[in-house]
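*Asks:* return atomic coordinates for the entry below.
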Amino acid sequence: MKMLKKHPVGEVRPSQLLLSYGVGALMDLPHISALIMGLDDWDITNSREISEERLLNAVQGALGSQVARLYMPPIPPSSANAPQNPFDSQARIGVPVSPFPRWMLCPACRLLAPMDAGYFELKTNPFQPDRARYIHQNCNKARQPTVLPSRFMIACEGGHLDDFPHHEFVHGALACKSTLRLYENGVTGEPSDIIIKCEICSQSRPMSDAFRSSEDEDKRFYPTCRARRPHLRDFEPGECKHETRTVLLSASNNWFPLYYSTLSIPAAIDTLGQLVEAHWSKLQNIAGAQDIATLRRLGMLGEHFALYSDEDVWEKIAGRKEGSQEMKMLQPGDLKQPEWQVLSHPASAPRSDDFELTPASVPDGYDSFLQQVVLVERLREVRALTGFTRIESLSDYAEEDELPTDHIMPLSRRAPNWVPAAEVRGEGIFLQFREDALQQWLQRLAVQQQEKVFFESHTQWRRSRRLVPPDANFPFIRYVLLHTFAHALMRRLTLECGYTAASIRERIYARPPESDDGPMAGILLYTSAADSAGTLGGLVSLGRPEQLGWHMEGALEDMRHCASDPLCAEHSSRDDHTLHEAACHACMFIPETSCERGNRYLDRSVLVRTVERDDLAFFKMQ
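*Replies:* Numbers count the residues shown, from 1 in each chain. You can find the predicted model right below:
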């Protein structure tokens, strides 16, 4: 639920408040453009704490040790038997938003003015929050028409966002602050067809002058960034060094989230230990067995702990506290190591309501390539939002310690002691590759030469983005193989699993043998949903040996040819400064929300023979 001046104005799912409409993002409601406010304005009284210690440690490594909690967005209690009373205090529980941009346009008289100019009035309907709107009270063309937010704003790569300076755009340095009108010539909506005109001095200017695509550089408009942070209601101290640019209200580069995610792996094998993990948010501040007795009397432990004594429960709590103190702050890349340890050893993996592994047989004919297949019957993924950027996504940066801090916009004015998080549940298929087969493949001269090609492209690509040092964080050709296979199989599975391509995600476990913790070579394809019951098993059912073998064979066959061949097969990353070889939208690319590397480090030639090469293929079927 979204709140505007304590009026409900719409609804959105909790998971969307992290990945689509998080803090600082703009949300298009039916008649209002709303900006999600910073954590300083959130009321977390009705927020549920999420227990995920490994993710919390990673967030602390990024934002500081003062972060102590992961909270779900505030959700009002609902009743399935009765409609919610819109006048009840619970109806005002939600995430705070503010109208932005502050400039509005009357579609009838074409008046363009800020909200505080006195022309517009907010109208809400408590029974229909989606009908919230601003009206032009004294419009001379129509009776109280619903006004629209201005389409234009300015933003910079530092994450600042501000209203477009319409008066300065029309008048320059002149002090004229009269009424402005916006006119459109034609129906194309192109900036060159949009004119802003002053009613008093009759000065006018086309909006095309506000964009970098303007042909006449002398007419370009360069507003100064005021370092405004509207989601925090302030201006950042100091002078912003980034150049502003005009952005559209609905532009996709207005907001990019920075978040960390991990699979929830139960650390405890016994039932009591898992219960303590699940209720850790209630139990972490317990000082002794006497406090447990108090919680029992208050009915806060539920019936699950009735089978255990206070002393037994306290022993598990004390052991978990001791382990938590020894846990170091993690980097996002470290989150995969515990997952790999559990997924690659399914027989000894603990089980819980949110995690269950079932070993499956390797499909016939693939024993020499795959070591094992594991069906992840149940999984829980937790995501935590730590910041956001504008104009430029941080997906170019592979490691957390490289992130440019001057680009990341904080979620609150002060260092946060909590961050918003969300949990989703689902299912997946894990495939572990044989390390001996990988080593034999890596010994080929052609593979080593191809790795050098990727390394040169990787270095050139980082150098062009001023990432220092340019040769750092190269994922190696092992990652290219695993990543390409994940894309090929994912595209094939979406044809029958019942989930869309954007619903399936990948996690690549790739690490060379010389690493401190040993080698990793596996992929996890999974899908998840915000529903407490998770997904319906459509993906896991395709992991059975006969089904998976058929899909793997089809995926590899699809990779032999591309609709764009021979251009796709002949593509070289060195020619156009990309980070993929034989790969394109017709054969390999998937939605970027599903790919952990933004469709980079792909080459179908490392999987099978193509029309261009046959010396790189890992899968050479007998």
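*Asks:* surely residue 593 is in contact with residue 501?
*Replies:* No - using Cβ atoms under 8 Å as the test, residue 593 is too far from residue 501 to be in contact (9.7 Å). Every residue, glycine included, has its C-beta placed from N, CA and C.
*Asks:* which of these two has more residues huddled nearby?
*Replies:* Legend: neighbour count by other Cβ atoms under 10 Å for residue 593 and residue 501, higher for residue 501 (15 against 12).
*Asks:* so that one touches residue 592, yeah?
*Replies:* No - with contact defined as Cβ under 8 Å, residue 501 does not count as touching residue 592 (11.0 Å).
*Asks:* find the residues that touch each one of the two.
*Replies:* The contact sets of residue 501 and residue 592 do not overlap (Cβ atoms under 8 Å, 6 or more residues apart in numbering).
*Asks:* and residue 460, how many neighbours?
*Replies:* The number of residues near residue 460, taken as other Cβ under 10 Å, comes to 16.
*Asks:* that one sits in which helix or strand?
*Replies:* helix 445-464 (DSSP states H and E).
*Asks:* show me what stretch 190-201 is in contact with.
*Replies:* 112, 166, 169-171, 176, 178-186, 203-208, 210-211.
*Asks:* from these, which ones fall inside strands?
*Replies:* Counting by DSSP state E, these place 112, 180-184, 204-206 in strands.
*Asks:* got a ChimeraX select line for the buried ones in those residues?
*Replies:* In ChimeraX syntax, the buried subset of the ones in strands among the contacts of stretch 190-201 is picked out as below (16 or more other Cβ atoms under 10 Å):
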select :112,180,181,182,205,206
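*Asks:* nearest to residue 478, of the ones in strands among the contacts of stretch 190-201?
*Replies:* If you rank the ones in strands among the contacts of stretch 190-201 by distance to residue 478 using Cβ to Cβ, residue 206 comes first, at 53.4 Å.
*Asks:* list the contacts of that closest one.
*Replies:* 191-195.
*Asks:* can you check residue 450 too?
*Replies:* 477, 581, 603, 605-606, 616.
*Asks:* and residue 491, by the same measure?
*Replies:* By Cβ under 8 Å, 6+ apart, residue 491 lies in contact with 501, 555, 558, 588, 590.
*Asks:* among these, find the lowest-pLDDT one for me.
*Replies:* Within the set of these, pLDDT is lowest for residue 501 (83).
*Asks:* quick check: the closest residue to it other than its chain neighbours vs residue 556, distance?
*Replies:* Using Cβ to Cβ, 6 or more residues apart in numbering and skipping the chain neighbours, the partner closest in space to residue 501 is residue 494 (4.8 Å). Residue 494 is 16 Å from residue 556, where distance means Cβ to Cβ, to the nearest Å.
*Asks:* now swap in residue 587 and tell me
*Replies:* 12 Å.
*Asks:* ok, now residue 265?
*Replies:* On the measure of Cβ to Cβ, residue 265 and residue 556 end up 31 Å apart.
*Asks:* same check, this time on residue 577
*Replies:* As judged by Cβ to Cβ, residue 577 and residue 556 stand 29 Å apart.
*Asks:* neighbour count winner among the two?
*Replies:* A count of neighbours by other Cβ under 10 Å puts residue 556 above the other of residue 577 and residue 556, at 22 against 11.
*Asks:* and the more buried one, how far is that from residue 607?
*Replies:* Counting by Cβ to Cβ, the gap from residue 556 to residue 607 is 6 Å.
*Asks:* now do the shared contacts for the two.
*Replies:* Common neighbours of residue 556 and residue 607 are listed as 488, 619 (criterion: Cβ under 8 Å, 6+ apart).
*Asks:* where does pLDDT dip in the stretch 101-250 of the chain?
*Replies:* For the stretch 101-250 of the chain, the stretches flagged by pLDDT under 70 are 175, 212-219.
*Asks:* how about the nearest residue to residue 52 once chain neighbours are set aside, what does it touch?
*Replies:* Nearest residue to residue 52, sequence neighbours excluded (Cβ to Cβ, 6+ apart): residue 382, at 4.3 Å. Residues in contact with residue 382, defined by Cβ under 8 Å, 6+ apart, are 50, 52, 55, 70, 261-262, 264, 421-423.
*Asks:* so which of those is the closest to residue 393?
*Replies:* Closest to residue 393 out of the contacts of residue 382 is residue 261 (16.3 Å), distances taken as Cβ to Cβ.
*Asks:* list the contacts of the one helix or strand that closest one maps to.
*Replies:* Using DSSP H and E, residue 261 falls within strand 256-263. Strand 256-263 has contacts (Cβ under 8 Å, 6+ apart) with 18-19, 22, 25, 52, 54-55, 58-59, 62, 332, 335, 339, 355, 379-390, 392-395, 403, 408, 507.
*Asks:* same question for stretch 22-30.
*Replies:* 2, 9-10, 12, 21, 33-39, 97, 100, 130-133, 159, 161, 231, 249-250, 254-255, 257, 259, 385, 388, 409, 411, 420.
*Asks:* straight-line length of that stretch, end to end?
*Replies:* 18 Å (Cα to Cα, to the nearest Å).
*Asks:* repeat for stretch 44-55
*Replies:* Length of stretch 44-55, first residue to last, Cα to Cα: 20 Å.
*Asks:* got the contact list for the spatially closest residue to residue 264 that is not a sequence neighbour?
*Replies:* Nearest residue to residue 264 in three dimensions, chain neighbours excluded: residue 380, at 4.0 Å (Cβ to Cβ, 6+ apart). Applying Cβ under 8 Å, 6+ apart, we find residue 380 in contact with 263-264, 354-355, 423-425.
*Asks:* using CSV, lay out these together with pLDDT, distance to residue 363 and secondary structure.
*Replies:* Listed next are those as CSV, based on pLDDT from 0 to 100; distance: Cβ to Cβ, whole Å; DSSP: H, G, I helix; E, B strand; the rest coil:
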residue, pLDDT, distance to residue 363, secondary structure
263, 89, 24, strand
264, 86, 29, coil
354, 85, 28, coil
355, 88, 25, strand
423, 90, 32, strand
424, 89, 29, strand
425, 90, 27, strand
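*Asks:* no further questions, thank you.
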